[in-house]
Each structure stands twice: as structure tokens, then as C-alpha cells.
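[1] What follows is a predicted structure for the sequence shown.
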Amino acid sequence: MTSSTIRPASDYPPGGDAFRHRDLTGIAQLTPWEISYVLDAAEEWVDMNRSGAAKHDDRLAGLTIINAFFENSTRTLLSFEIAGKRLGADVVNMHAAQSSVKKGETLIDTAMTLNAMRADAIVIRHASSGAVQLIADKVDCPVLNAGDGRHEHPTQALLDALTIRRRLGTVEGLTIAICGDVLHSRVARSNILALTLLGNEVRVVAPPTLTPPAMERMHVATFTDMDAGLKGADVVMMLRLQNERMDGAYLPSAREYHALYGLTPARLEQAKPDAIVMHPGPMNRGVEIDSSIADDPDRSTITQQVEMGVAVRMACLDILTRRKRGVPGWN
Amino acid sequence: MELRPLHITNAQLIDGDTPRAGSLLAVDGRIAAIDPIDIPEGAETVDARGQWLAPGIIDLGVFATDKPAFHFGGITRAALMPDNGPLDGAGLVERAAKGGKPDLWVHPLAAATKGLEGRELAEIGLMKQAGARAIATGRGRIADSGVMRRVLSYAASLGLVTIIHAEDEGLTAGAVATDGEMATRLGLASAPAIAEAMAIARDLALVEETGAPVHFRQVTTARGLDLIRAAKAKGLPVLCGITPAHLLLSDTAIGDFRTFARLSPPLRSEDDRQACLAAVADGTIDVLASGHDPRGPEDKRLPFAEALPGMAGAETLLALGLGLVRDGHISPGRLFDLLAATPACLLGVDAGTLAVGQEADLILVDEGTPWQVDAKKMAAWAGNTPFDGMPVQGRATMMWKGGLRIR
């Protein structure tokens, strides 16, 4: 690679060249400047969302966005719904529990049905890795991945990057520890990709039973000792531990997990004094994170992540519908 | 209709390491002479125009009787895995054996246990009488070591080889890929490659104890092959096989969640793939088979983990095997040992070589003709090939079964 092909993250090309994808199925397809472009676009929406009463911009007026959620979700669905509505789009939510998916219709058939309804963007969450790409290949409109199996959850990684950038002033050259059930986590995979791509040192801190194989191939150092993994970290990113992991197959008990991997004030001492603590929610208080940390506004970024989530999703919906809307430079 | 004697002239015979110019005479459905001097009156003469004349391919371990695909691929005999049915009774075996008539031999592999459930011995003796040529554990292995030991010794007493799938079910539970960067990046549940070696190690210990002959249908890892190599050096009655997919593709082929590359056992690392190529070259691997398992969109156009494993391999088997010859891994003679002679020996059928007295199951092969694998235009009833779009060379141009032209 010659140096001319390495573009600083802050220097993105003009118009549609700044973001060349029809879909957002994963961080894996993005370049550093594309991530940076989305983050910069989201900043504007943060400002609007915070301003007074009229949080509205009608640039997506007349467009239909379908939120097709094949797996239960409260906060991500709500976040995408609010993002679409603040941009003036008609937002429709499809829950798998109410759909014909339960009646045996195949995913491809469902995708064709959604396509025939002429949506202008489809947001999809599915329990199976790769399912979102499968649908994206069959429909004619932009598709946003709101989480597919253990694979990716790109808007979560983008909102986390934005949160870090706003809190620490940069999201480059930091030491970031991702802690907990990395094996089953799409949030972890997307964050590992995004944060290494932006030039951070990423560590994975997890019990060996919840550490994915070949982590070193993703340029990540692995730790099984929480104190060692947190040493000198700028960011401590906790993951949610699903209850079914604690039944003996992966972990002996919730009690033991907390004793070895729970984020306590004493453990957090290992990180830098001004380190921030992140969590994608919903939290298991007293299991992976102590309430005193979760509720400490100087440390915890948890509510800020939710706020950034709306702004990042607004930016993504705006950017991905620009071609359809005929925005100059985006044909 | 009386079968006319068949005289194939001007051929390159595959009856040694390298093709040699020659001719062949078949009378009454069997090979009567190589390079014959006296040609019976009324014999039909076929000018091979310098093409290879080889024994028909004997595809060991297919999951469907898919005649158009077998005929395209030069396959005259297919050994059918017991999974569909399952083939665990004499009546089912008898019917399966007739499934290829009149222009394909089908050799059923009987289920080792009732319902392939790995608990009770199936009626192996009666199924042998009904035409079963070997027994098999199916897509999975027999988890219970006690049952496996009884299966092996019982089958051996009947002179049948036990065909084994080797993956430790505890390690592979829920997994759809091999541990590694690709599975991690795609977020797919994966299992360590040693799952294969662990299963092989157990069964080799049982072979050593019982003396029963076995064939590991697919051995795909370096460690598994090391165990086989050591067992052979000890003189144990062990054979093993592989499909072209595990020789030519590594787990990078599952990128973009390509379900046509979802196989069982799953595709392995590049290091393991190289070890497989070396094992074909050094003689550790005895059989090359297609693993033919056609699956339609209802099984394959799904998210990766929900799709079923398997590939349509019959049509590409010969061409990909010829690729191994062209790349210098094996000789033409050795290719047909892998494709025909060893499978015939394992099944106990008089075929698989160009030798006097054998059934005249023959193919003419144009080894150089180029073509492109196209999933949309396959003769198989489903086009789930992991080699879609790949340019290959070589195909069967004529086929005879028992001296009768079938293509």
C-alpha cells in the first residue's frame, strides 16, 4: 500500500464518495473516513435533538422506513423509530412475533414482501448471523443492520465511537477494554472492527469460555484477568451477560462471574483515573457492573450512549437515502 | 436384445501410472482382453480418438440417487449413504439397490444402527443379503463407544467395512464452522478442528482391538491424517477418503455467508487444506468422493447457521480430480485408484480397474476440454456447488455400464 492510499480519518472525499455503500450491513465494509463521516454528520443531529421543543427536520418526508425486527428489542427499535420520525419519514414497525415468519414463511419470502411494499429503507434485526445480508441482496432499497446474530451491530459501534469522541475528545490512540461475553456479542465484533480501524489499542477481557477463537487475527489482545486487562485503559466497555450463559454451560454462576469479572469500583482503579465506562444496555446491575459505577455521571456514559444512538441513526438514515432523494453529488 | 461385443480402439488406457496407447475388448458385459488381437465378428467398434479410457467412477458415499448428475460426471456406480430413510432394514436396502436400474449401479450402505440413532444394532446380516455392500454411521458418528465396538466386530464378522463419520459431537454441538478468524469475523458458532482427530483416535483404538476394517469417509485435518498415517504404519485395516472441496477450498470460502460452502465436516484452515493435499500425494488418503448431496433453495437460501450442510459434487468430481493431476499432486493412474479401484475393493465389486474379467464399466475422458461450473445449469437436481463459476478442465464423453453404452 502506498502512502497516498492512506487517507486520514478526518479527510473524506466530497459528495457521495464519502460514503459509497447502499447498505449498512456491517463495520467490516467501512473505511476509517466513512466512519468519521457518519460521526461528523451525527454531531449536527445531536445539536438539533438538544435544541428546544421542535426536534424536527423533514428531509425524509414522504419516505417509508420499515423496522423489521425478527428478534425482540426495545431500545434499538425505539431509537430507530425516533430517528426516522425526527427526519419526517413514515416509520412502520414489524415485529416477528406478529408476522407470518412464525407461520413458517421463509426469510427470503418475507424480504420479497417488504420489497413489494416499496419501502425506502429497511432496518433489520435478526437472530441469525448473515440474515441481514441475505435480505439486503434481495431488496431494492437501502438496508440497515440493527443486529444480526453474533455478527455485527454497526450503529451500536458508531454510537459508541461518537460517545468516546465527545467524552475524551478523540477516538484514536486510546486503550479500550471490551469486557464480558465477547463470544456471543455482535456489539463486541462491530466495536472491535471500528475501534481498531480508527487506530486504538483494543483488548478483550473475558473468561476463556466466552472468548472467540483467533482473536489475535483481529488485532486484539486477550485477557482472562480483569485487573490486568483494565490496567491503563481509557475506556472500559462492558457487555451484557445473557442469563442463559450463567447456567453452568459457559459460566458456573452469576455470583462467580461477578466475583471474577464484575466491574467494581476497586477494579476500575486499574484503569486511567479519568477512564469512562460504557455499556450497550440493558444492564444486569450487580452482575457485570456495580450500580455505583453505572450511576456515576463522571464515569458512566450509558445515558449518553442512548442519546448518541438516536443521532447516529438519524445520520445513517439520512446518508443512505440521499441517492433516492436526489441530493446533489449523490447519484 | 443381445449385447454386442465392444471394441474400443485408439484410446489412452488408464491401467498404470500414466496413460498408454491401447485398445480394449468387452464381451458379455465384461472386459475380455486388453489390446486384443482377435476381434469377434459383429463387435461394435468405437474410436476413442486418443481420449483416456478409464474405469467408470465409483462414488463412495452419496446422499441421493441423482442419475443425471452421475452420468454427467462419469460415475457408473454410487454407494448410497443410509441417511435418507434411513436404510436400516432389508426391504429398504433392496429397494435402494434397484434405484439406479437400468443404467446406474447403486450400492446401498446399510445403517449401522436402527434409525441411525447409535443405540441398537441394525439387521446388518439381513441387509447384506439384500445387497448392502458396507455399513455406515451416516452423517454423524456413533457416540456410545460400547455400541461402536459391537458394531465394528459384528460387521467385520460379516466381511463388511464400517464407513465412519468422524467428529466428536460434544465439541461440534451447535457449530457450523471451524474455529478460526473467518468464523469469528462472521459471528458463526464454531468448533475446534481437533473434534475430528478425537473421534478418529477413539475409533482407531477400537479397530486395533477388534481388528475390524473401517473407512473414515472424510478426513480433513492435519492431526486426523497423522493418526491415519500412524495406524496404517501399524498395519491396521484403515482407509480414509476426502472430497475435492476439502482439498481445494479453505474456510475463507464461507465468507459472505455462502451457504453452498456449508459442509459437514466444515471447511478447514489453509494449513489443514495443505496437509490434505500432501496426504493425497503421499498415499495416506485412499478415496476421492463427491459427497453428492443436492439441496434446493429451501435448504440453502437461508441464514448460514440455519442452512443445511452438503454440496452437489457429482458433476465436478472428475474435473476437479483431473486438476489434481494437472497440478502435479498425483498421477492419472493414482487418480483412478482414488476414484474407482479402492472404492471397488472396499465394496467388494468386480469393477474399478481395466483388468480382464472385470465388469465393463468404462468411461472415455477428454481430459483437456475446458468448461465452467455453473450452479444454474447443473444436471444435478440442485446446483449447490461451492465451485460455482470456477473454470475447470476435463469431462466424461462416453460411458458404458456392463458393456452397454449409457451415454
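    Now that the structure is in, tell me what you want to look at.

[2] Contacts only, for B:Asn84.
    B:Phe63, B:Ala64 (CB atoms under 8 Å, 6 or more residues apart in numbering or on different chains). All C-beta spots, glycine's among them, are computed from the backbone N, C-alpha and C.

[3] ok, now B:Asp66?
    B:Asp66 makes contact with B:His292, B:Pro294, B:Ala312, B:Ala314, B:Ala380, B:Trp381, according to CB under 8 Å, 6+ apart.

[4] top of the residues you listed by neighbour count?
    B:Ala314 (32 neighbours; other CB atoms under 10 Å in any protein chain shown).

[5] May I ask which helix or strand encompasses that one?
    Assigned by DSSP states H and E, B:Ala314 belongs to neither a helix nor a strand.

[6] Send me the helix or strand of chain A with the lowest mean pLDDT as CSV with only the CA atoms.
    The weakest-scoring helix or strand in chain A, judged by mean pLDDT, DSSP states H and E, is helix A:107-116 (a mean of 90). As requested, the backbone C-alpha atoms of helix A:107-116 are provided in CSV (Å, rounded to 0.1, in the frame of the first residue of the first chain):
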residue,chain,number,x,y,z
LEU,A,107,-36.8,-15.1,5.3
ILE,A,108,-36.5,-14.6,1.6
ASP,A,109,-40.3,-14.6,1.1
THR,A,110,-40.6,-12.0,3.9
ALA,A,111,-37.9,-9.9,2.2
MET,A,112,-39.7,-10.0,-1.1
THR,A,113,-42.9,-9.0,0.6
LEU,A,114,-41.2,-6.0,2.3
ASN,A,115,-39.7,-5.1,-1.0
ALA,A,116,-43.0,-5.2,-2.8
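
[7] Please work out which residues outside it touch it.
    Identification of contacts with helix A:107-116 by CB under 8 Å, 6+ apart yields A:66, A:68, A:70, A:94, A:99-101, A:122, A:126, A:131, A:134-135, A:138-141, B:297, B:301-303.

[8] what about the nearest residue to A:Pro328 once chain neighbours are set aside, how many neighbours?
    Sequence neighbours aside, A:Gly15 is the residue nearest to A:Pro328 in space, at 7.5 Å (criterion: CB to CB, 6 or more residues apart in numbering or on different chains). Close neighbours of A:Gly15, defined as other CB under 10 Å, add up to 12.

[9] Tell me which residue of the stretch 1-150 of chain B lies closest to chain A.
    Nearest residue of the stretch 1-150 of chain B to chain A, counting by CB to the nearest CB: B:Ala143, 18.3 Å away.

[10] that older thread, can you tell me which of the contacts of B:Asp66 lies closest to A:Met237?
    Of all the contacts of B:Asp66, B:Ala312 has the smallest distance to A:Met237: 44.4 Å, by CB to CB.

[11] hang on, isn't the closest one packed against B:Ala382?
    Yes - assessed by CB atoms under 8 Å, B:Ala312 is found in contact with B:Ala382 at 5.7 Å.

[12] Quickly list what's touching both of those two.
    B:Pro294, B:Arg295.

[13] before we move on, the earlier item: report the separation between the residue of the stretch 1-150 of chain B closest to chain A and B:Thr137.
    Separation of B:Ala143 from B:Thr137 (CB to CB, to the nearest Å): 10 Å.

[14] cool, and B:Leu308?
    For B:Leu308, the distance to B:Thr137 - CB to CB - is 18 Å.

[15] Compare the two (neighbour count), which wins?
    Neighbour count, other CB under 10 Å: between B:Leu308 and B:Thr137, B:Thr137 has more, with 27 against 14.

[16] Make sure the more buried one is actually in contact with B:Glu117.
    No - look at B:Thr137 against B:Glu117 with CB under 8 Å: they stay out of range, at 10.8 Å.

[17] thinking again about what came up before, going by neighbour count, list what's buried in the least confident helix or strand of chain A.
    A:Leu107, A:Ile108, A:Thr110, A:Ala111, A:Leu114, A:Asn115 (16 or more other CB atoms under 10 Å in any protein chain shown).

[18] need the next SSE after it, C-terminal direction.
    Next along the chain after helix A:107-116, taking DSSP H and E as the criterion, comes strand A:121-126.

[19] Alpha carbons of that next one, as PDB, please.
    Provided in PDB are the C-alpha atoms of strand A:121-126 (Å, rounded to 0.1, in the frame of the first residue of the first chain):
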ATOM      1  CA  ALA A 121     -35.200   1.900   3.700                       C
ATOM      2  CA  ILE A 122     -35.500  -1.200   5.800                       C
ATOM      3  CA  VAL A 123     -33.900  -1.600   9.200                       C
ATOM      4  CA  ILE A 124     -33.500  -5.300  10.200                       C
ATOM      5  CA  ARG A 125     -32.700  -7.200  13.300                       C
ATOM      6  CA  HIS A 126     -32.400 -11.000  13.200                       C
END
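
[20] hmm, whatever helix or strand comes next after that strand in reach of chain B?
    Next in sequence after strand A:121-126, counting helices and strands by DSSP H and E, comes helix A:131-136. Yes - judged by CB under 8 Å from any CB of the partner chain, helix A:131-136 comes into contact with chain B at A:Ala131, A:Gln133, A:Leu134.

[21] from those, which is closest to A:Ile27?
    A:Gln133 (13.4 Å).

[22] follow-up on the earlier one: return the angle between stretch directions for the least confident helix or strand of chain A and strand A:121-126.
    Between the axes of helix A:107-116 and strand A:121-126, defined by axes from the mean of the first three to the mean of the last three CA atoms, to 10 degrees, the angle is 160 degrees.

[23] can you give me the offset of helix A:107-116 from its chain's centre?
    Averaged C-alpha coordinates place helix A:107-116 at 25 Å from its chain's average position (CA atoms, centre = their mean, to the nearest Å).

[24] Same check on stretch B:215-225?
    Put simply, stretch B:215-225 sits 14 Å off its chain's centre (CA atoms, centre = their mean).

[25] Next: stretch B:374-384.
    In terms of CA atoms, centre = their mean, the centre of stretch B:374-384 is found 19 Å from the chain centre.

[26] tell me, what's touching B:Ala143 and B:Thr137 both at once?
    B:Gly118.
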